[in-house]
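1. Got a predicted model here, sequence first, then my questions.
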Amino acid sequence: YGTFWIVLRSRKKKGGMMQYPNFVSEEWSHVLTCDLFVGRWIWLDGLKRGIFTSHSVLLCNLIGPPGLLLHWATCFLTGKGLPGNEAESLEEKED
């Protein structure tokens, strides 16, 4: 069976864990945090820097972290670079 058997076994184990309320609560809080807040950050970053983000936000809302990786790749491919640290830029403006 190879790799498929490992994936199938892990899906059965995760399905078994879904019976426990503590696991479900932890999993949903993780999903909501990643999908909503990181997706919103990607969207706002795209608006601020003029980067197309629909594909990144969609992927983030569907499966989480790969959406953030896709946003970073989009930033590089458009020549905008990675998002900077806003705190550093605010300090420079104050000086």
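-> In hand now; what should we look at?
2. next structured bit after the host helix or strand of V24?
-> Element membership for V24, per DSSP states H and E: helix 21-32. Sequence order places helix 39-49 as the next helix or strand after helix 21-32, per DSSP H and E.
3. Any chance you could list what contacts that next one?
-> Identification of contacts with helix 39-49 by Cβ atoms under 8 Å, 6 or more residues apart in numbering yields 51-53, 56-57, 60-61, 67-68, 71, 75, 80, 83. In this view, the C-beta of every residue, glycine as well, is placed from N, C-alpha and C.
4. Weed out the non-buried ones from those.
-> 51, 53, 56-57, 60-61, 67-68, 71, 75, 83 (16 or more other Cβ atoms under 10 Å).
5. just to revisit the earlier point, list the buried residues of the helix holding V24.
-> So for helix 21-32, nothing qualifies as buried (16+ other Cβ under 10 Å).
6. One more: stretch 38-46?
-> 38-39, 42-43, 45-46.
7. picking up where we left off before, from the contacts of helix 39-49, which is closest to W28?
-> N61 (14.3 Å; Cβ to Cβ).
8. Ramachandran coordinates for that closest one?
-> phi -70, psi -30 (degrees, to the nearest 10).
9. Please apply the same query to G81.
-> Dihedral angles for G81 - degrees, to the nearest 10 - are phi 80, psi 170.
10. how about the nearest residue to it, chain neighbours excluded?
-> C75 (6.2 Å; Cβ to Cβ, 6 or more residues apart in numbering).
11. Where does that neighbour fall, secondary structure wise?
-> Using DSSP H and E, C75 falls in helix 65-77.
12. Under the pLDDT cut-off, which ranges of the protein? List them.
-> Scanning the chain for pLDDT under 70 picks out 1-18, 20-21, 23, 85-95.
13. do that again at 80, thanks
-> Residues of the chain meeting the criterion pLDDT under 80: 1-34, 64, 84-95.
14. quick check: angle from the strand or helix carrying L58 to helix 39-49?
-> Following DSSP H and E, the helix or strand that holds L58 is helix 54-63. Counting by axes from the mean of the first three to the mean of the last three Cα atoms, to 10 degrees, helix 54-63 lies at 170 degrees to helix 39-49.
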